[in-house]
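[1] build the 3D model from these lines:
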Amino acid sequence: MRESNKDTERDENKEENHIHKISSEKNQESWNKETYNAWIERLGEPKDAADRIKKNPSKVLSVIHNKMDRVEGKKIMNLMGSNGNKAVALALLGAEVTVVDFSEGNKRYAEDLAREAGVSINYILSDVLKMPREVFTGDYDIVFAEMGIIHYFIDLKPFITIIKRLLKPNGRLIIRDFHPVTTKLISSRGSTAKIRKHKVTGDYFDTSLEEKEVAYSKYLEKGEEVHKVLLRRWNLGEVVTAVAKEDLFITSLDEEPNLSSEIFDKGIPKTFTLVAEKRFMKGEYPLYEDFIL
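    Numbering: from 1, shown residues only. Next up is the predicted model:
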């Protein structure tokens, strides 16, 4: 019976690894298509975008800046940092910033953006789950991922494990993303606050993969091919549990309304921000103060 259970578990792991490989390859291929031109359509030429960021870097960082405290002199990694706007903003504020992303178009735009802003960023072209061994220096003050990132992972454990390996002792993890009530449960129709209607049409506990158009598709020129990605929508309990299981100390979980309007989508959580810390190394005992509330 035990051997049978082991065989079943082994088969399930093989199937999950196979699904992850297909999902990762499909998503990477989609994000390597036309991204540079899409960012120009969305954000403008790198020089124009850099000028806007330089006027107010803190505004670009939004909620996550408050969760980072003072960033000057800190070593920070932005996982799946896309077009580099957050990395450039942090570099302007004095941080040493590394971005990891697997899209060549994202890398090109981010490096052009940094050059136009007069700052330096380190951009590693890699799947987050396949980063070179030398990246894991274990000395990052902050590792963060934000806005539409975690749904690209069909298993959160390896993602959170990698973050833990990157962080220094007492280093900080920040995840800010779309709230699952909005992405999994509620569908909304209507372009103004007066006629905006919300319906519960989803399944908050659905674990299936979902095929969607790649995020930048709305900025493609007419006639350009629209690519698809595979997504796994996580609920809030799953995210919190994944972080806690890696022995990261959760210090805050904020659920946020629509921050761009006081009346639009009123009463509905639109985003969340989770902050956790690597309080002590494996095999060591935590400080007594860690238990004092």
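[2] and the strands in the stretch 151-293 of the chain?
    167-178, 186-189, 197-200, 209-213, 228-232, 249-256, 271-277 (DSSP state E, counting those that start in this stretch).
[3] TSV for those, including mean pLDDT?
    TSV is the format used below for the strands of the stretch 151-293 of the chain (pLDDT from 0 to 100):
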stretch	mean pLDDT
strand 167-178	96
strand 186-189	80
strand 197-200	81
strand 209-213	79
strand 228-232	82
strand 249-256	96
strand 271-277	97
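[4] between the ones you listed, which one is nearest to residue 135?
    Of all the strands of the stretch 151-293 of the chain, strand 167-178 sits nearest to residue 135, with 12.6 Å by CB to CB. Every residue, glycine included, has its C-beta placed from N, CA and C.
[5] now do the buried residues in that closest one.
    Within strand 167-178, the residues that qualify as buried are 167, 168, 171, 172, 173, 174, 175, 176, 177, 178, counting by 16 or more other CB atoms under 10 Å.
[6] just stretch 93-104 next, same as before
    For stretch 93-104, burial by neighbour count (16+ other CB under 10 Å) applies to 93, 95, 96, 97, 98, 99, 100, 101, 102, 103.
[7] related to what we said a few turns ago, quick one: the strands of the stretch 151-293 of the chain as TSV, columns for distance to residue 47 too.
    Converted to TSV, the strands of the stretch 151-293 of the chain look like this (distance: least, CB to CB, whole Å):
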stretch	distance to residue 47
strand 167-178	28
strand 186-189	36
strand 197-200	40
strand 209-213	29
strand 228-232	30
strand 249-256	32
strand 271-277	30
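[8] of all those strands, which one comes closest to residue 52?
    Of all the strands of the stretch 151-293 of the chain, strand 167-178 comes closest under CB to CB, at 20.6 Å.
[9] strand partners (parallel or antiparallel) of that closest one?
    strand 140-146 (parallel), strand 271-277 (antiparallel) (DSSP bridges).
[10] out of the helices and strands in the protein, which is least certain?
    Using mean pLDDT, DSSP states H and E, helix 2-31 stands out as the lowest-scoring helix or strand of the chain, at a mean of 49.
[11] what is the following helix or strand past it packed up against?
    Per DSSP states H and E, the first helix or strand lying C-terminal to helix 2-31 is helix 35-43. Secondary-structure packing of helix 35-43 (3 or more CB pairs under 8 Å, 6 or more residues apart in numbering; DSSP states H and E): helix 104-117.
[12] quick one: the helix it packs on to helix 35-43, angle?
    Counting by axes from the mean of the first three to the mean of the last three CA atoms, to 10 degrees, helix 104-117 lies at 50 degrees to helix 35-43.
[13] the helix or strand following helix 104-117 - which strands sit beside it in the sheet, and in what orientation?
    Downstream of helix 104-117, the next assigned helix or strand under DSSP H and E is strand 122-125. For strand 122-125, the paired strands and their directions (DSSP bridges) are strand 96-101 (parallel).
[14] number of residues surrounding residue 61?
    For residue 61, the neighbour count with other CB atoms under 10 Å is 21.
[15] is it correct that it is in contact with residue 86?
    Yes. With contact defined as CB atoms under 8 Å, residue 61 counts as touching residue 86 (6.1 Å).
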